[in-house]
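Enquirer: got a predicted model here, sequence first, then my questions.
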Amino acid sequence: MRHRKHRFTLGVHKEHREAMLASLATAIIEHGRIKTTLTKAKGLRPFIEKLITYAKKAQGAEPARAVHLRRLCIAKLKGDKDSAKKLFTERVAEFATRQGGYTRIYKIGQRAGDAAEVALIEFVGKDDAPYAHPPRKAPKAKKAKTTEAVTAEAVAQ
């Protein structure tokens with residue numbers, strides 16, 4: 001059975017998908033934000049957030065564990081040591097106090113050539129407050145018919 005096996009396959013084979021996500025992750029680490037299709041952005045979000053979690057765990061870990069986490073990150077980035085170094089030294093400070101939700105996706109319309117949904121994915125700044133959902137309105141209570149209204153309806157008929 002295939003229950004709970006969904007992932008963003010992006011219409012390509014596993015090797016191609018891994019290389020594509022590594023390339024997108026490298027770009028977002030270098031530039032802070034990138035423009036891509038909405039589906040790729042949604043697929044990139046869990047990938048890059050796991051790498052940021054590795055970097056956060058390495059901050060307070062013993063040296064052997066920190067090296068292990070850095071090597072895991074380099075493996076996910078397909079050997080790009082420069083991006084891993086930038087993530088572990090510079091970018092991780094932005095997320096030290098956040099408990100997740102390191103990226104934000106904005107929908108920005110459709111691409112002219114093929115009408116694909118385009119999105120902007122960016123890192124959330126350290127000063128940005130987490131999104132607060134607006135308070136829900138209480139459901140309106142249904143009005144109960146009073147005995148006067150019921151008797152008036154009966155008399156009218």
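Expert: Nice, thanks for sending it over.
Enquirer: okay, now residue 13: neighbour count?
Expert: 10 (other C-beta atoms under 10 Å). Backbone N, C-alpha and C define where each C-beta goes, glycine included.
Enquirer: quick one, phi/psi of it?
Expert: phi -80, psi 170 (degrees, to the nearest 10).
Enquirer: what sits against it?
Expert: Residue 13 makes no contacts at all, as judged by C-beta atoms under 8 Å, 6 or more residues apart in numbering.
Enquirer: same thing but 10 Å
Expert: Counting by C-beta atoms under 10 Å, 6 or more residues apart in numbering, residue 13 touches residue 19.
Enquirer: could you check how far the residue positioned nearest the centre of the chain is from residue 118?
Expert: Most central in the chain under C-alpha atoms, centre = their mean is residue 45, positioned 4.0 Å from the mean C-alpha point. As judged by C-beta to C-beta, to the nearest Å, residue 45 and residue 118 stand 16 Å apart.
Enquirer: can you classify residue 64 by secondary structure?
Expert: Three-state assignment for residue 64 (DSSP: H, G, I helix; E, B strand; the rest coil): helix.
Enquirer: what separation is there between it and residue 54?
Expert: For residue 64 relative to residue 54 (C-beta to C-beta), the value is 14 Å.
Enquirer: compare those two (neighbour count), which wins?
Expert: The residue with more neighbours, out of residue 64 and residue 54, is residue 54; 21 against 8, by other C-beta under 10 Å.
Enquirer: please give the element, helix or strand, for that one.
Expert: Using DSSP states H and E, residue 54 falls within helix 38-59.
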